[in-house]
Structures are given as C-alpha cells and as structure tokens.
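Peer 1: predicted structure and sequence below. I'll ask about it afterward.
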Amino acid sequence: MGNEPRIGSILDLEEKRFPLNLHPVLPDIRALWDLSNKLAWDPATAIPWDKFDASKYSKEQLDAARLYWSRRAWTEYSGTSESPAVLLRLVMEEGREIDARLFWAVQTLEETRHCIASYLLAEKCGGYMDRPPKQPPKSTQHRGIRDKALNPAISFEAFAIAHICIGETVAAKMFEERYKAATDPVAKELVRLILRDEIRHIQFGWKYMAHKVKTFTPELIAEMERVAIDVIENSELQGYHCIWLVPSEHTQPMIDANNITAAAGLGGASPEREMAALRESIADIRRDMAPWGIKIPMFDHPVVGRV
Ligand SMILES: [Fe+2]
Ligand SMILES: [Fe+2]
C-alpha cells in the first residue's frame with residue numbers, strides 16, 4: 001500500500017469510473033449473468049398461487065407455515081439489505097472484473113425476489129408476520145455481511161470464501177432438501193424457483209474464486225482459512241441456516257414452525273434432513289477448498305457431533 005492514506009471503509013475510496021470496459025473478461029461469469037436474465041421470474045405470476053388450498057391444512061399447520069415463510073422472508077431480505085454492500089465493494093475496488101459486478105447486481109435482485117415470494121406464501125398461510133415472536137440470538141439472523149464487505153482490512157477473496165462459497169453452498173443444500181420434502185404444489189414451485197437461482201449464486205462464488213487462485217499468496221490463504229472457519233463455527237453451526245442447532249425459549253417457536261411445516265409438506269425440511277445436508281455441505285466445502293490450500297478442520301458441536 002506504500003504511502004497511500006489508510007482508509008477506514010471501502011466507501012472512503014474514490015470512485016474511478018473510467019475507462020469503463022464492458023467487454024466480458026470472465027466469460028463463465030458473464031454466462032451466469034445471461035442465464036439469470038433468461039430465467040428471471042415474477043413472484044406475483046410465476047407461482048400458481050390460485051392452486052393454494054388452505055382447507056387441506058389444520059390451523060396448527062397454517063400457523064406454523066405462516067411463521068416459517070415469514071422467517072424465510074426475513075432471511076432472504078438480507079439479500080436486499082446487505083448484498084448492496086458487496087456490490088459497492090466490487091465496484092469501488094479497482095480491477096474487479098465487470099462480469100462479477102454485473103452478476104452481483106442481478107444476484108441482489110434475485111434475493112429480493114425470494115423475499116417477496118416468501119412473503120406472498122406467508123400471506124397465503126394466514127398472514128405475513130413482520131418480526132419474530134421472541135427475539136432470537138443474533139447468530140440466527142445476522143452474519144455481519146455489510147460490515148465485512150465494507151471493511152478494507154478483510155480481502156474480498158476472504159469475504160467471498162465465507163459468505164458466497166460457504167454460505168450459498170449451505171443455503172442451496174437446504175433448498176434441495178426442502179424441494180424433496182415439499183408436497184404442496186405452490187410451496188414446491190416456490191422452492192424450485194429459489195433453488196434454481198441459488199445454484200447460480202454458488203456457481204458464481206466457486207467460479208470466481210477459481211479465477212483468482214493464481215493470485216493467492218500464503219497470507220491470503222491464511223486469511224481465507226481464518227474467515228472460513230469463523231463463519232462455519234459462529235454462523236453455520238450457530239443456527240443461521242438450521243435454527244434447531246440453538247434450542248432455547250427464544251428459538252423454540254421457530255423450531256416448532258420448521259418441523260410442522262416440514263411434516264405438512266409446505267416447504268420445510270426436517271431437522272434430520274437438514275442435519276444430513278449441513279454435514280454434507282461442510283464435507284464438500286472442505287474437499288473443494290483443499291486444492292486451494294484452504295484447510296477446513298473438523299468441528300465438534302454439542303448437537304451435530306463431529307462434523
Ligand atoms: Fe435467496
Ligand atoms: Fe442466494
């Protein structure tokens with residue numbers, strides 16, 4: 001960094017817009033952007049909402065699904081509230097590829113779409129709830145994405161490893177389980193559309209990092225390893241995707257909602273299936289990061305055991 005002034009936030013960087021080169025430099029990432037545009041869907045019309053038959057379900061099941069899909073909307077909303085910080089990081093840092101910038105802009109829109117579609121299903125189940133019945137621990141709903149993305153002391157590569165490669169891989173595995181378990185036609189179609197987007201979000205992370213391998217230094221690898229371990233230990237294994245990992249009186253209403261929604265076929269997955277998916281995701285992540293020199297250790301967890 002030489003004698004450049006120290007900056008406290010990515011937002012302190014001066015924006016240098018020109019030359020603005022819009023030619024593809026990472027064709028596989030540009031292909032993901034093309035695919036996103038082709039597969040865009042409207043939450044209001046893409047899902048057969050009229051087919052939702054509330055009379056098939058008990059009051060208990062509908063109340064559970066209402067809370068469950070409200071919580072899904074709150075989680076997806078972090079794409080609206082926090083993903084723009086990642087986009088700012090990509091556009092403010094000199095030399096970041098145009099294809100990554102374009103893809104992230106559409107990724108943010110896709111998360112927003114997931115939020116609204118989840119809200120619409122909560123409405124069908126009896127009404128969207130705008131907050132948790134009891135305030136759950138921070139680890140179950142916050143990952144500090146905005147702070148990390150805007151922090152120049154954390155490299156974008158480390159951020160991408162933790163929150164795109166790891167976070168999106170676990171998210172998509174959970175959606176695969178929800179898709180298998182869903183029997184309600186409306187919930188199943190909603191899960192299918194979200195999963196189709198999430199698969200591209202994962203691909204972006206892994207493909208982008210594969211381009212960056214040639215720039216990895218031992219310091220960067222050590223940093224990526226640190227951030228990766230932190231996000232698995234303090235977010236994934238602390239209930240961010242699997243709420244039953246942190247049982248308490250504050251999380252119990254949402255744990256019950258998840259289990260009843262899963263059993264009713266309304267788009268949830270049972271804790272047994274989520275546990276299997278979490279184990280599988282962590283094993284896949286460990287295997288796929290090893291060739292990059294990033295060593296993910298085994299973790300001991302009071303509920304999951306050794307993972
Ligand atoms: Fe999403
Ligand atoms: Fe996503």
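Peer 2: That came through, no problem. Numbers count the residues shown, from 1 in each chain. Ligands and ions are numbered 1, 2, ... in the order given.

Peer 1: mind telling me which residue of the protein is nearest ligand 2?
Peer 2: Nearest to ligand 2 in the chain, going by C-beta to the ion, is His201, at a distance of 3.7 Å. Quick note: C-beta positions are derived from backbone N, CA and C, even for glycine.

Peer 1: please identify the helix or strand for that residue.
Peer 2: Using DSSP states H and E, His201 maps to helix 185-212.

Peer 1: and the following helix or strand past that helix, C-alpha only, in CSV?
Peer 2: Sequence-wise, the next helix or strand downstream of helix 185-212 (DSSP H and E) is helix 218-234. As requested, C-alpha coordinates have been extracted for helix 218-234 and formatted as CSV (Å, rounded to 0.1, in the frame of the first residue of the first chain):
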residue,chain,number,x,y,z
PRO,A,218,0.3,-17.6,1.7
GLU,A,219,-1.1,-14.5,3.7
LEU,A,220,-4.3,-14.5,1.7
ILE,A,221,-4.7,-18.3,2.1
ALA,A,222,-4.3,-17.9,5.9
GLU,A,223,-6.8,-15.1,5.9
MET,A,224,-9.4,-17.0,3.9
GLU,A,225,-8.9,-20.0,6.2
ARG,A,226,-9.5,-17.9,9.3
VAL,A,227,-12.7,-16.3,7.9
ALA,A,228,-14.0,-19.6,6.6
ILE,A,229,-13.5,-21.3,9.9
ASP,A,230,-15.2,-18.4,11.7
VAL,A,231,-18.3,-18.5,9.5
ILE,A,232,-18.7,-22.3,9.9
GLU,A,233,-18.2,-22.2,13.7
ASN,A,234,-20.0,-19.0,14.5
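
Peer 1: give me the residues contacting helix 218-234.
Peer 2: Residues from elsewhere that reach helix 218-234 (C-beta atoms under 8 Å, 6 or more residues apart in numbering): 139, 143, 148, 154-155, 157-159, 161-163, 166-167, 216, 282, 285, 289, 292-297, 299.

Peer 1: is it possible to mark the buried ones in these?
Peer 2: Burial by neighbour count, 16 or more other C-beta atoms under 10 Å: within those this picks out 139, 143, 148, 154-155, 157-159, 161-163, 166-167, 282, 285, 289, 292, 294, 296.

Peer 1: re the thing from before, quick one: buried residues of the helix holding His201?
Peer 2: Going by 16+ other C-beta under 10 Å, helix 185-212 has these buried residues: 186-191, 193-209, 212.

Peer 1: that one vs ligand 1: in contact?
Peer 2: No - figure legend: helix 185-212 not in contact with ligand 1 (C-beta under 5 Å from the ion); closest approach 5.7 Å.

Peer 1: what is the neighbour count of Arg279?
Peer 2: Look at Arg279: counted by other C-beta atoms under 10 Å, it has 15 neighbours.

Peer 1: list the buried residues of stretch 46-65.
Peer 2: Applying a neighbour-count criterion of 16+ other C-beta under 10 Å, the buried positions in stretch 46-65 are Ile47, Trp49, Phe52, Tyr57, Gln61, Leu62, Asp63, Ala64, Ala65.

Peer 1: out of these, who's nearest ligand 1?
Peer 2: Looking at the buried residues of stretch 46-65 and their distance to ligand 1, the nearest is Ile47, at 14.9 Å (C-beta to the ion).

Peer 1: what pLDDT does the model give Glu14?
Peer 2: Among the per-residue scores, Glu14 holds a pLDDT of 89.

Peer 1: please name the spatially closest residue to whichever residue of the stretch 101-250 of the chain sits closest to ligand 1 (chain neighbours excluded).
Peer 2: In the stretch 101-250 of the chain, no residue comes nearer to ligand 1 than His114, which is 3.8 Å away by C-beta to the ion. Spatial nearest neighbour of His114, chain neighbours left out: Glu76 (4.1 Å); criterion: C-beta to C-beta, 6 or more residues apart in numbering.

Peer 1: residues contacting that neighbour?
Peer 2: By C-beta under 8 Å, 6+ apart, the contact list for Glu76 reads Glu111, Thr112, His114, Cys115, Ser118.

Peer 1: rerun at 7 Å
Peer 2: When contacts are counted by C-beta atoms under 7 Å, 6 or more residues apart in numbering, Glu76 touches Glu111, His114, Cys115, Ser118.

Peer 1: if I look at it, how far off is Ser270?
Peer 2: Applying C-beta to C-beta, to the nearest Å, the value for Glu76 to Ser270 is 21 Å.

Peer 1: also Ala105?
Peer 2: Here the criterion is C-beta to C-beta. By it, Ala105 lies 36 Å from Ser270.
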